[in-house]
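S.K.: pasting the sequence and the predicted model now:
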Amino acid sequence: MKLVATGLLLLAAVIYLFCRWLEDRDGENVAAWVGYVRAASEAGMVGALADWFAVTALFKHPMGIPIPHTALIRKKKDQIGDQLGGFIEENFMTPDVIEEKVAQLALPTRVSSWLADPKNTPRVGDEAARGIAFAAEMLDDEDIEKLITAAMRWAAEPEWGPPAGRVLEQLISENRLEPVIQLLCDRAHDFALGSQELIDRVIDKDGPAWAPKFVNSLVGDRLYRELVEFSFKVKTDPGHQVRQAMTGVMVQLAHDLQNDPDTIARLEAIKSELLERDEVTGAASTAWNAGKALIEQLLADPNGTLRATLTDSIIQIAERIRDDEVLKNKMNIWMVRVARHVSENYSQEIISVITETVRGWDAEDTSNKIELQVGRDLQFIRINGTVVGSLAGLAIYTASVLLFH
């Protein structure tokens with residue numbers, strides 16, 4: 001476009017010189033049309049040069065001469081960024097405008113409808129898997145390990161005794177430990193049913209050497225029957241003394257954990273020993289690496305259970321939102337409120353992205369970028385200047401001929 005505009009300027013200059021040559025050659029006998037063409041070409045050159053200067057002055061010094069008020073974009077780069085940011089803030093980032101646009105978007109309806117559409121199910125699974133994999137990839141292993149370790153240390157800082165005692169006391173008062181006691185009694189009875197061989201072996205090993213074998217057998221059988229019968233009574237009788245004693249032990253433990261310094265100290269010692277073990281300190285790294293590898297492996301399988309479950313969960317949530325008008329309206333109101341809050345409190349920070357970015361640009365590069373974006377239209381200004389100047393020169397010359405000849 002620069003070549004076209006410059007070519008028109010050169011064409012006007014050639015025509016002007018040709019007309020001047022004709023006038024010089026023919027003198028008073030020159031053809032009448034020469035004056036009109038000369039005037040048009042002369043005015044066209046003036047218009048082309050004037051618009052060339054105007055266009056060039058926006059981006060650089062014409063012909064390298066530092067004429068005042070030229071190379072405007074280079075000099076005013078920061079001001080342009082500030083004014084652009086201010087224009088956007090005043091006209092686009094106002095709370096009322098943002099609130100209206102967000103309300104019109106109805107994002108909960110659009111997003112939930114798209115997610116719930118069966119045609120988009122494969123895409124939903126792919127994007128969900130890609131998002132989780134990307135998050136896992138972006139998370140630094142060392143940082144995650146430090147986070148888990150810090151969480152463990154944070155959990156270990158307060159005393160465990162009093163809170164554990166209160167929890168245990170609450171469980172006892174709500175009779176929540178009864179299933180645990182019942183499970184222990186069931187396991188004890190199951191052990192008793194299978195203890196015949198163990199009892200015989202213990203009696204044979206630790207019994208009197210002089211005792212006959214049949215006596216040991218009778219004693220073992222009696223012990224086995226008594227153990228099975230006793231464990232069965234404990235298992236089936238909720239009011240059995242053993243079960244009451246177990247409950248009593250738990251009640252006393254809950255009390256001691258809250259009030260007995262020795263019990264609290266022993267629990268703290270156990271906690272410290274546990275958390276200082278290499279197996280526990282290395283558990284953070286092991287758990288994260290294992291979990292990360294497992295998630296990546298399961299998500300990589302398009303037909304895997306984890307991916308299918310994740311996709312189904314997302315679709316179910318989307319269907320719930322899509323079909324529940326009340327919920328959709330609430331979510332839309334939430335989004336509008338959030339958008340308004342952001343606009344009222346953080347518009348300056350958002351606009352600063354524009355202003356700071358422009359400030360960070362090199363002045364030369366900025367001028368070149370803008371010129372490339374609007375340069376084609378600016379060259380049309382030069383072309384139009386040449387054409388309009390020619391027509392204006394022709395009109396002025398014609399009017400002067402009509403007036404004075």
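M.R.: Yes, it's here. Numbers count the residues shown, from 1 in each chain.

S.K.: going forward, measure contacts between C-alpha atoms and count neighbours the same way
M.R.: Noted.

S.K.: where does the stretch 51-200 of the chain dip in pLDDT?
M.R.: 71-72, 75-77, 136-146, 148-149, 151-157 (pLDDT under 70).

S.K.: let me fix that: the stretch 301-405 of the chain
M.R.: 301-302, 304, 405.

S.K.: show me what the longest helix out of those in the chain is packed up against.
M.R.: Identified as the longest helix of the chain according to DSSP state H is helix 363-404. Here helix 363-404 touches helix 2-26, helix 32-59, helix 72-75, going by 3 or more Cα pairs under 8 Å, 6 or more residues apart in numbering; DSSP states H and E.

S.K.: what's the most buried one of the ones you listed?
M.R.: helix 32-59 (a mean of 21; mean count of other Cα atoms under 10 Å).

S.K.: just the helices in the stretch 51-200 of the chain please.
M.R.: 72-75, 77-91, 95-105, 107-116, 121-138, 141-156, 161-173, 178-193, 196-206 (DSSP state H, counting those that start in this stretch).

S.K.: columns distance to residue 373 on top of these, output as JSON lines?
M.R.: Listed next are these as JSON lines, based on distance: least, Cα to Cα, whole Å:
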{"stretch": "helix 72-75", "distance to residue 373": "13"}
{"stretch": "helix 77-91", "distance to residue 373": "16"}
{"stretch": "helix 95-105", "distance to residue 373": "28"}
{"stretch": "helix 107-116", "distance to residue 373": "33"}
{"stretch": "helix 121-138", "distance to residue 373": "35"}
{"stretch": "helix 141-156", "distance to residue 373": "44"}
{"stretch": "helix 161-173", "distance to residue 373": "68"}
{"stretch": "helix 178-193", "distance to residue 373": "75"}
{"stretch": "helix 196-206", "distance to residue 373": "91"}
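
S.K.: tell me the domain boundaries of the protein?
M.R.: Domain assignment for the chain, taken from the TED database, gives 1-70+363-404, 139-276.

S.K.: can I get those domains in CSV with distance to residue 332?
M.R.: CSV is the format used below for the domains of the chain (distance: least, Cα to Cα, whole Å):
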stretch, distance to residue 332
domain 1-70+363-404, 38
domain 139-276, 32
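
S.K.: which of those sits most buried?
M.R.: domain 1-70+363-404 (a mean of 17).

S.K.: quick one: distance of it to the chain centre.
M.R.: Distance of domain 1-70+363-404 from the chain centroid (Cα atoms, centre = their mean, to the nearest Å) equals 55 Å.
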